[in-house]
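**Q** Dropping the sequence and predicted coords here.
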Amino acid sequence: MQRALFICLCLFGMMIGAVERETTTTINTSSNLLEETNVKLSVLDQWELTEQEWSRYEELMQGIRGRLSHSNISPIEVLGIHARSETERTHYARIWARMMREDAIRVLQFQRAYDIEAIALNQDEPLIDVSLLPEASSDKETILVDSDRVLVFLSLDCALCDIVFDEVYNRIIDLNGIDLYFVDTDTKDSARIQEWAKSRAIDIQYVQSGQITINYDNGLLESVDSDAESVPRLKMRRDDEIKPLRLDQLP
């Protein structure tokens with residue numbers, strides 16, 4: 001009798017433990033689902049979107065938009081670019097314009113506050129001692145002749161490449177021409193290169209006239225400079241010869 005009672009108590013304890021574990025698992029799962037729901041609702045509220053609009057945004061990012069655009073493109077821009085009607089396009093454009101204006105106001109307010117605090121902190125003490133700066137040289141070395149073309153080797157998603165290109169592009173009126181070569185690219189990257197050119201605001205007339213050419217590298221950099229381990233790289237083409245070039249050697 002005692003043995004049977006002991007077995008019953010053990011079975012009862014096991015049942016209680018199983019129920020407690022199942023209850024704990026259910027509570028944890030429910031808690032996680034609630035937390036995920038709250039996070040999603042918060043994101044939807046920030047972007048002023050419905051769940052249906054968010055689902056469409058996620059679907060679009062799985063297609064060509066996710067391939068062509070930077071990962072930080074906003075849901076509003078994605079939905080606006082792929083608007084299904086003029087009314088829908090105007091709706092998202094209005095939201096984006098307002099959000100950008102509000103953000104500009106926030107940035108300016110912070111900048112004003114920073115300026116006030118910086119003046120109070122520094123008072124009459126200069127931030128930079130100009131006497132320690134090197135004197136500008138009036139003897140700038142320029143090795144280009146009128147017939148030379150500047151070659152810029154660069155890659156996509158390279159911030160330094162963008163900066164170097166901008167520096168060269170700003171001197172285009174003083175140059176015979178600029179030839180861009182994108183390393184590690186081929187025809188499948190054509191759309192991304194076009195998107196890059198738009199982002200740098202290249203004047204289409206320069207491209208049409210041949211003053212700027214956009215090319216795949218096809219191993220050219222390696223063939224003329226086997227020691228080049230990274231981009232950006234500048235070269236100059238004089239007749240059929242490609243020679244080294246530095247940014248400070250541009251006119």
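**A** Sure thing, it's come through.

**Q** Tell me the spacing between the spatially most central residue of the chain and Y206.
**A** Nearest to the mean C-alpha position of the chain, counting by Cα atoms, centre = their mean, stands H70 at 5.1 Å. According to Cβ to Cβ, to the nearest Å, H70 and Y206 sit 25 Å apart. C-beta: built from backbone N, CA, C; applies to glycine.

**Q** Isn't Y57 up against T50?
**A** No. With contacts counted by Cβ atoms under 8 Å, Y57 stays clear of T50, the gap being 10.6 Å.

**Q** Helices of this protein, start to end?
**A** Assigned by DSSP state H, the helices in the chain fall at 2-47, 51-61, 64-68, 75-81, 86-122, 159-169, 190-199, 204-209, 220-224.

**Q** For these, state which one has the densest average packing.
**A** Across those, averaging neighbours per residue (mean count of other Cβ atoms under 10 Å) puts helix 75-81 on top, at a mean of 19.

**Q** Against which helices or strands is that helix packed?
**A** Helices and strands touching helix 75-81, as assessed by 3 or more Cβ pairs under 8 Å, 6 or more residues apart in numbering; DSSP states H and E, comprise helix 51-61, helix 86-122.

**Q** which regions of the stretch 51-200 of the chain lie under the pLDDT threshold?
**A** By pLDDT under 70, the weakly predicted segments of the stretch 51-200 of the chain are 124-142.

**Q** can you rerun that using 80?
**A** In the predicted model, the stretch 51-200 of the chain carries pLDDT under 80 at residues 70-71, 118-119, 122-142.

**Q** Tell me which of the helices of the chain lies nearest to V152.
**A** helix 159-169 (5.7 Å; Cβ to Cβ).

**Q** Just give me how far the closest one sits from the chain centre.
**A** 15 Å (Cα atoms, centre = their mean, to the nearest Å).

**Q** what helices or strands is it leaning on?
**A** Helix 159-169 makes packing contacts with strand 149-154, strand 178-182 when contacts are defined by 3+ Cβ pairs under 8 Å, 6+ apart.

**Q** Partner strands of the longest one and their direction?
**A** If I follow you right, that is strand 149-154. Sheet pairing of strand 149-154 (DSSP bridges) gives strand 178-182 (parallel), strand 233-238 (antiparallel).

**Q** Residues contacting the shortest one, please?
**A** Applying Cβ atoms under 8 Å, 6 or more residues apart in numbering, the contact partners of strand 178-182 are 149-156, 165, 168-169, 172, 189, 193, 206, 211-217, 220-221, 237.

**Q** Any idea how far apart the tips of stretch 182-189 sit?
**A** From its first residue to its last, stretch 182-189 covers 10 Å (Cα to Cα, to the nearest Å).

**Q** Pull out the buried residues from it.
**A** 182-183, 185, 189 (16 or more other Cβ atoms under 10 Å).
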